[in-house]
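> pasting the structure only:
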């Protein structure tokens, strides 16, 4: 059981490194809320629950799809790339889902902050309105 938890924590560490393509493609409240929640969870990785980890894995898969589809170009009016447009829409939705899955874990972690970095991250989380 402990080894699964350690693997999950390691996965969160890897998944927290969201790439530039997704940052550009999924701007908005979900993206900002997720960034704030992940800032807290990076400081206390064991606070991330299964729902958060699953949502992050899904987001990461969609991000990979957007990157792969972007290699074909964004498309033009004459020759659109509808698959890329759909993947970007799904990515935006995945950000919202991950923010609502990880936000409560971050809020729980902030009930007992440890250290100045955690206090600062929790302040940013509450200032952003995460629940």
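Yep, that arrived. Values in this document were obtained by computation on a predicted structure and should not be read as measured data.
> Mean pLDDT per helix and strand in the protein: which one sits at the bottom?
helix 20-25 (a mean of 41; mean pLDDT, DSSP states H and E).
> Can you name the next helix or strand after that one?
Going down the chain from helix 20-25, the next helix or strand is helix 29-43, by DSSP states H and E.
> mind listing the helices for this structure?
Under the criterion DSSP state H, helices of the chain are mapped to 2-15, 20-25, 29-43, 50-70, 82-109, 115-127.
> Could you tell me the least trusted of those?
Sorting those by mean pLDDT places helix 20-25 lowest, at a mean of 41.
> hang on, the earlier thing: mean neighbour count, the helices of the chain: which tops it?
Greatest average neighbour count among these goes to helix 29-43 (a mean of 22), per mean count of other Cβ atoms under 10 Å. All C-beta spots, glycine's among them, are computed from the backbone N, C-alpha and C.
> Now do it: which elements does it pack against?
helix 82-109, helix 115-127 (3 or more Cβ pairs under 8 Å, 6 or more residues apart in numbering; DSSP states H and E).
> Include distance to residue 73 when you put these into a markdown table, please.
What follows is those, written out as a markdown table (distance: least, Cβ to Cβ, whole Å):
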| stretch | distance to residue 73 |
| --- | --- |
| helix 82-109 | 8 |
| helix 115-127 | 37 |
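> Residue 41: which of those is closest?
Smallest distance to residue 41 across these (Cβ to Cβ): 5.5 Å, for helix 82-109.
> ok and that closest one relative to helix 29-43, angle-wise?
50 degrees (axes from the mean of the first three to the mean of the last three Cα atoms, to 10 degrees).
> Run the angle between helix 82-109 and helix 50-70 for me.
150 degrees.
> how much space between residue 123 and residue 40?
10 Å (Cβ to Cβ, to the nearest Å).
> sorry, that was for residue 100
With Cβ to Cβ as the criterion, residue 100 and residue 40 are 15 Å apart.
> rewinding a little: and of the helices and strands packed on helix 29-43, who's closest to residue 61?
Comparing those by Cβ to Cβ, helix 82-109 comes nearest, at 8.5 Å.
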